[in-house]
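Q: coords please:
(one chain, ligands or ions: 1)
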Amino acid sequence: MVVIGRDGGPGATVEFGRYRAPDGSAGASVELDCESPHAALVVGKRGYGKSYTLGVLAEGLAAGAGVAPVVVDPMDVFGTLTADGSATVVTEPRVDPDALPPTAWCELVGLDPESPGGAALWRAAATGTTVAEIGATLAELDCDQAARRAARNHLDLAASWDVFDPDGLDAGSLASGTATVLDVSGLPAAAANAVVRATATALYRARVQGTVARLPWLLVDEAHAFFDGVAAPALRTLLTRGRQPGVSLVAATQRPSALPAVAASQADLLVAHRLTDRRDREALARARPSYVDEDLTARMPTEPGEVRVVDDATERLHAVQVRERRTPHDGGSPTASAALTGRSLK
Ligand SMILES: Nc1ncnc2c1ncn2[C@@H]1O[C@H](COP(=O)(O)OP(=O)(O)OP(=O)(O)O)[C@@H](O)[C@H]1O
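A: Prediction:
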């Protein structure tokens with residue numbers, strides 16, 4: 001057995017797959033370290049197993065002691081993780097708006113902070129943390145009526161998402177032991193971003209303040225949508241500083257070229273499925289650390305579940321076939337033949 005993600009020594013691991021020889025035959029079993037926190041990037045074009053791999057990690061972490069996986073599910077494909085009883089799904093996630101700084105409110109609702117309405121919302125958000133408090137401050141604010149109206153309308157939009165609640169998900173319940181799937185698939189992108197921002201912030205703060213014992217792992221599918229929104233600062237914090245207090249981030253995307261450079265430069269594990277888009281391949285090639293002397297795109301995986309893993313801990317590149325899921329996988333593309341035979345439409 002080989003453990004990727006640590007350079008020897010004992011500790012907790014997640015069952016990941018088997019070494020894959022160039023002829024496709026399976027070799028020694030491969031586990032991933034979860035004794036220590038990590039920042040990992042999972043990339044791959046649609047249909048080559050990126051969500052499946054995230055599910056494999058979530059399953060393994062859910063079974064592990066001392067860790068607490070939280071999966072952000074923008075495509076409603078991780079509900080099946082509940083099949084073995086080790087995960088719960090939160091279908092209507094609500095989070096404490098206190099995690100959003102005043103500056104984030106304008107971006108969240110799409111108001112330019114330089115505009116009169118944006119400036120009014122910013123000022124109101126500086127004195128209140130809940131939507132109701134911000135609204136009450138706004139009503140009393142010394143500003144012109146048009147600015148107040150614009151700010152109010154945008155604040156009402158945020159309230160209509162119904163994702164803010166001071167008594168919403170807290171780090172203590174998220175890190176209680178079983179895996180948590182946050183189903184954000186029904187939410188507008190901005191609302192899903194608010195959920196991710198607040199969740200990442202809560203987990204980070206809780207570990208810094210020492211209020212949760214388990215090491216949280218935040219697994220984010222379609223991560224480009226969150227690095228491009230209000231969630232970005234919190235995800236960057238996890239990438240750059242999360243490991244120190246013990247918070248791991250696994251960011252999965254089909255568009256590595258759409259992620260900020262810091263994502264690749266800070267990741268200590270890079271799991272690459274097949275990529276064909278030129279910009280994405282170039283992004284992967286740029287992510288190659290100096291200790292890997294081979295172009296990462298030179299021998300691109302060809303089958304679903306086949307990955308190349310760059311591991312900072314051992315400074316090695318591994319070719320792995322990711323293991324099969326124990327719980328059913330709910331992803332994949334709809335096909336006409338599946339529809340005819342009545343199989344899953346997902
Ligand atoms: N490790 C694996 N072992 C066996 N089959 C796999 C594995 N990984 C992926 N597959 C197969 O490939 C299919 C596509 O995988 P998956 O849904 O994860 O794709 P994806 O790259 O995440 O696509 P999307 O971008 O649509 O989410 C799965 O439904 C499964 O049949």
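
Q: which bits of the stretch 51-200 of the chain sit near the ligand?
A: S51, Y52 (C-beta under 6 Å from any ligand atom). (C-beta placed from N, C-alpha, C; glycine too.)

Q: what are the ranges of the helices in the stretch 51-200 of the chain?
A: Remark: helices assigned in the stretch 51-200 of the chain by DSSP state H, counting those that start in this stretch are 102-109, 116-127, 131-140, 145-160, 171-174, 189-209.

Q: residue of the stretch 101-250 of the chain closest to the ligand, please.
A: In the stretch 101-250 of the chain, the residue that lies nearest the ligand is D221 (7.0 Å; C-beta to the nearest ligand atom).

Q: correct me, but that residue touches D73?
A: Yes: the pair D221 and D73 passes the contact test of C-beta atoms under 8 Å, sitting 6.3 Å apart.

Q: show me where this protein has its strands.
A: Under the criterion DSSP state E, the chain contains strands at 2-4, 13-20, 26-33, 39-43, 67-73, 87-90, 179-183, 215-220, 248-253, 269-272, 306-311, 316-322.

Q: looking at those strands, spot the one closest to A158.
A: Proximity to A158 (C-beta to C-beta) singles out strand 179-183 among the strands of the chain, at 18.1 Å.

Q: dump the helices of the stretch 51-200 of the chain to TSV, plus mean pLDDT and mean neighbour count.
A: Shown next, in TSV, are the helices of the stretch 51-200 of the chain (pLDDT from 0 to 100; neighbours: other C-beta atoms under 10 Å):
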stretch	mean pLDDT	mean neighbour count
helix 102-109	93	21
helix 116-127	95	21
helix 131-140	96	16
helix 145-160	96	17
helix 171-174	95	18
helix 189-209	97	23
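
Q: show me where pLDDT drops low in this structure?
A: Applying pLDDT under 70 to the chain flags the ranges 332-346.

Q: what about stretch 277-295 and the ligand, any contact?
A: No: figure legend: stretch 277-295 not in contact with the ligand (C-beta under 6 Å from any ligand atom); closest approach 12.2 Å.

Q: how about that stretch, which residues are buried there?
A: For stretch 277-295, burial by neighbour count (16 or more other C-beta atoms under 10 Å) applies to D280, R281, A283, L284, A287, R288, P289, V292.

Q: list the residues that contact the fifth one.
A: Read it as A287. L41, P256, A264, S265, A267, L270, L296, V310 (C-beta atoms under 8 Å, 6 or more residues apart in numbering).

Q: wait, the third one touches L41, no?
A: Yep, that's A264 we're talking about. Yes: contact status for A264 versus L41: in contact at 6.3 Å, counting by C-beta under 8 Å.

Q: what touches both of the two?
A: Common neighbours of A264 and L41 (C-beta under 8 Å, 6+ apart) are P256, L270, A287.

Q: count the residues that sit near the first one.
A: What it means is P256. By other C-beta atoms under 10 Å, 27 other residues sit near P256.

Q: look up how far the ligand lies from it.
A: Between P256 and the ligand the distance is 12 Å, computed by C-beta to the nearest ligand atom, to the nearest Å.

Q: contacts only, for that residue.
A: Here P256 is in contact with L41, V43, A263, A264, L275, D280, A283, L284, A287 (C-beta under 8 Å, 6+ apart).

Q: find the nearest non-adjacent residue to the first one, please.
A: Nearest residue to L41, sequence neighbours excluded (C-beta to C-beta, 6 or more residues apart in numbering): A267, at 4.2 Å.
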